[in-house]
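1. using only what follows, build the 3D model:
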Amino acid sequence: MRGAQRLVDDWIGSIGVRYFDELTNLAQLVEEVGEVARILSRTHGEQSCKPGESPGELADELADVLFVTLCLANQSGIDLSEALARNLDKKTRRDADRHRGNVKLQ
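-> Okay, the predicted model is just below:
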C-alpha cells in the first residue's frame with residue numbers, strides 16, 4: 001500500500017497538478033463506486049445492458065475506486081498499510097468465530 005500511495009502522490013505531483021479537495025474526492029469516490037455497482041448489477045445482478053452497450057470493465061473501475069481512496073488517504077496523512085493491518089487485527093479479534101458459526105455461510 002505504501003508503494004501505491006507513493007505512486008499516486010508522484011502522479012498527482014507530476015500530472016495531476018494538485019489533489020482535489022477532500023469533498024470533491026469524496027464525490028469522485030461515490031461516482032466510481034456507483035460505476036462498480038452498475039457493472040456488477042449488469043454482469044451478476046438482474047439488470048441488463050441496453051442494446052449495443054457494454055457493461056464496462058470492472059478492473060478499471062475498481063482501480064478508479066482505489067486511486068481515489070489512496071488520494072484521500074494521502075490527503076489525510078493516513079498510512080493505509082498500517083490502517084489495514086489494524087483493521088484486519090480488529091476483524092480477527094471480533095469475528096474469530098462469528099462467520100464459522102453463521103449457518104447462512106455453510
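2. now the residue lying closest to residue 47 once chain neighbours are set aside: which helix or strand?
-> Excluding the flanking residues, the one nearest residue 47 by C-beta to C-beta, 6 or more residues apart in numbering is residue 41, at 4.5 Å. Any C-beta I mention is one placed from the backbone N, CA and C, and that applies to glycine too. According to DSSP states H and E, residue 41 maps onto helix 22-43.
3. which neighbouring elements make contact with that helix?
-> helix 58-76 (3 or more C-beta pairs under 8 Å, 6 or more residues apart in numbering; DSSP states H and E).
4. any chance of the backbone angles for residue 103?
-> phi -60, psi -20 (degrees, to the nearest 10).
5. and it, how far is that from residue 91?
-> Distance, residue 103 to residue 91, by C-beta to C-beta, to the nearest Å: 20 Å.
6. of the two, which one has the most company?
-> residue 91 (12 against 5; other C-beta atoms under 10 Å).
7. give the buried residues for the helix or strand hosting that one.
-> Assigned by DSSP H and E, residue 91 belongs to helix 80-95. Neighbour-count burial for helix 80-95, counted by 16 or more other C-beta atoms under 10 Å, picks out residue 80.
8. count the neighbours of residue 58 for me.
-> Residue 58 is flanked by 14 other residues according to other C-beta under 10 Å.
9. who touches it in this structure?
-> By C-beta atoms under 8 Å, 6 or more residues apart in numbering, residue 58 lies in contact with 36, 39, 40, 43.
10. may I have stretch 51-65 as PDB, with CA atoms only?
-> Below are the C-alpha coordinates for stretch 51-65, written out as PDB (Å, rounded to 0.1, in the frame of the first residue of the first chain):
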ATOM      1  CA  PRO A  51     -28.600  -2.900 -26.900                       C
ATOM      2  CA  GLY A  52     -25.100  -2.200 -28.100                       C
ATOM      3  CA  GLU A  53     -24.000  -1.100 -24.600                       C
ATOM      4  CA  SER A  54     -21.000  -2.700 -22.800                       C
ATOM      5  CA  PRO A  55     -21.300  -3.100 -19.000                       C
ATOM      6  CA  GLY A  56     -17.800  -1.600 -18.700                       C
ATOM      7  CA  GLU A  57     -14.500  -3.000 -17.300                       C
ATOM      8  CA  LEU A  58     -14.700  -4.000 -13.600                       C
ATOM      9  CA  ALA A  59     -11.000  -4.000 -13.100                       C
ATOM     10  CA  ASP A  60     -10.700  -0.400 -14.400                       C
ATOM     11  CA  GLU A  61     -13.500   0.900 -12.200                       C
ATOM     12  CA  LEU A  62     -12.100  -0.900  -9.100                       C
ATOM     13  CA  ALA A  63      -8.700   0.700  -9.900                       C
ATOM     14  CA  ASP A  64     -10.500   4.100 -10.000                       C
ATOM     15  CA  VAL A  65     -12.000   3.400  -6.600                       C
END
